[in-house]
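Enquirer: Predicted structure and sequence below. I'll ask about it afterward.
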Amino acid sequence: MSNDHKRLIEAAKNPSVALDYELAQEMASALGRLGRALEKALQALADFDAGNAAPSPEMRHALVAAAGKALWEFTVQREACGLRDTRQIIRDYRVPADVLSRTGIVVQEPLRIKRPRP
């Protein structure tokens, strides 16, 4: 009897097993998506650094911020999956120090309140 068949039999006996299985699949899928997004953001930053003789500080700042956000999202998802060692991410993905320092920083536009005219 295959593992899938056993899982189906168990799910029929206990519906929470099926839910647990679906949740685990979704967590793994989200982790994969966020890992690929981090790789893409870090690659964009590396490409920018390697290809610009006269780099734009604003563009680099935006790329570092995007990579920091991607790192933060990936770290949060890993922790939700029970993987708590952030050092492993930094090592495996070769995260630059400036990206690491931007992790978790969210910059929002200032709130502009329109006042009614008198």
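Expert: Okay, I see it.

Enquirer: From here on, just use CA atoms for contacts and neighbour counts.
Expert: Noted.

Enquirer: Let me see the confidence value for the residue minimising distance to the centre of the chain.
Expert: Centroid-nearest residue in the chain, with C-alpha atoms, centre = their mean: residue 74, separated by 2.7 Å. What the model reports as pLDDT for residue 74 is 95.

Enquirer: Identify the residue spatially nearest to it, adjacent ones excluded.
Expert: residue 34 (5.2 Å; C-alpha to C-alpha, 6 or more residues apart in numbering).

Enquirer: gap between the one you found and residue 9?
Expert: Distance, residue 34 to residue 9, using C-alpha to C-alpha, to the nearest Å: 33 Å.

Enquirer: who has more neighbours, those two?
Expert: residue 34 (21 against 12; other C-alpha atoms under 10 Å).

Enquirer: looking at the protein, which helix or strand does the model trust least?
Expert: helix 3-13 (a mean of 69; mean pLDDT, DSSP states H and E).

Enquirer: re the thing from before, tell me the SS of the residue nearest to the centre of the chain?
Expert: At residue 74 the chain is in helix, as set by DSSP: H, G, I helix; E, B strand; the rest coil.

Enquirer: just checking, it touches residue 36?
Expert: No: counting by C-alpha atoms under 8 Å, residue 36 is not a contact partner of residue 74; they are 9.3 Å apart.

Enquirer: now the helix or strand containing residue 34: how far from the chain's centre is it?
Expert: Using DSSP states H and E, residue 34 maps to helix 15-51. Computed by C-alpha atoms, centre = their mean, to the nearest Å, the chain-centroid distance of helix 15-51 equals 6 Å.

Enquirer: Next one: residue 100 from residue 18, what distance?
Expert: 38 Å.

Enquirer: quick one: residue 97 from residue 16, how far?
Expert: Residue 97 sits 43 Å away from residue 16, going by C-alpha to C-alpha.

Enquirer: Point me to the helix or strand that includes the residue nearest to residue 45 when sequence neighbours are not counted.
Expert: Among residues not flanking residue 45 along the chain, residue 63 sits closest, at 5.7 Å (C-alpha to C-alpha, 6+ apart). In this assignment (DSSP H and E), residue 63 forms part of helix 57-80.
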